[in-house]
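Trainee: Next come a sequence and a model predicted from it.
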Amino acid sequence: MTDPNVIQKCSCPCGASTFKVVAPPVLRFYCHCSICQKLYQQPFADATVLKLSDVILPEAHEIQFKKYRKIVGIERGTCSQCCKPVMAIAGSGAKGLAFIAAQNYSDERMLPPVKMHIFYGSRCAEVEDELPKYKGYLRSQFAVLRSLSAAGAQE
């Protein structure tokens, strides 16, 4: 039996770490930060953002969360089986946000279009497109927060 509230199912590449989302993402961007480059083993991560309350993790899950920078409040989760990124979490409760890689959704066609590149100053390759490109920590964070606010995700 399917749950009518579930918009999409998500998983890591090996399928050991699964979860559901009950609302569509409010933002999608390409992140060129050095942490994403290392974790995804790609020039950038294609990431989506949604409210943490819209993510349903099973009680017993295979995701191991870790902070990669002391001052940044983002915990990045990787699968304990395949060690690939699953999702990241910033904050908790009603104000918390979830960051999920586009590749982890069951149907990427249902995702919003990419709005921007962030941490573009850390890029390892040029990207030729018409999207805005934000360099540096503050500019990148402000661009994401401004987009989230415009989408109503920071209410």
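Mentor: Yep, that arrived. None of these values were measured; they are calculated from a predicted model.
Trainee: What's the mean pLDDT across the strand or helix carrying Arg146?
Mentor: For Arg146, the host element (DSSP states H and E) is helix 137-150. On average, the pLDDT along helix 137-150 is 94.
Trainee: start the count at 52, not 1, going forward
Mentor: From this message on, residue numbering opens at 52, which makes the last subject helix 188-201.
Trainee: Just the buried residues of it, please?
Mentor: 191, 194-195, 198-199 (16 or more other Cβ atoms under 10 Å). Quick note: C-beta positions are derived from backbone N, CA and C, even for glycine.
Trainee: Can you name every helix or strand that that helix contacts?
Mentor: strand 78-82, strand 168-169 (3 or more Cβ pairs under 8 Å, 6 or more residues apart in numbering; DSSP states H and E).
Trainee: angle of that helix against strand 78-82?
Mentor: 170 degrees (axes from the mean of the first three to the mean of the last three Cα atoms, to 10 degrees).
Trainee: who's in contact with helix 188-201?
Mentor: With contact meaning Cβ atoms under 8 Å, 6 or more residues apart in numbering, helix 188-201 is reached by 77-78, 80, 84, 100, 148, 166-167, 169-171, 183, 185, 205.
Trainee: okay, stretch 63-70 in CSV with CA atoms only?
Mentor: In CSV, the C-alpha atoms belonging to stretch 63-70 read as follows (Å, rounded to 0.1, in the frame of the first residue of the first chain):
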residue,chain,number,x,y,z
CYS,A,63,21.7,6.4,-1.5
PRO,A,64,23.2,4.8,-4.6
CYS,A,65,23.3,1.3,-3.0
GLY,A,66,19.8,1.5,-1.6
ALA,A,67,20.7,0.7,2.0
SER,A,68,19.8,4.2,3.2
THR,A,69,16.2,5.2,2.3
PHE,A,70,13.8,7.9,3.4
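Trainee: Break down this structure into its helices, ranges please.
Mentor: Under the criterion DSSP state H, the chain carries helices at the ranges 85-91, 188-201.
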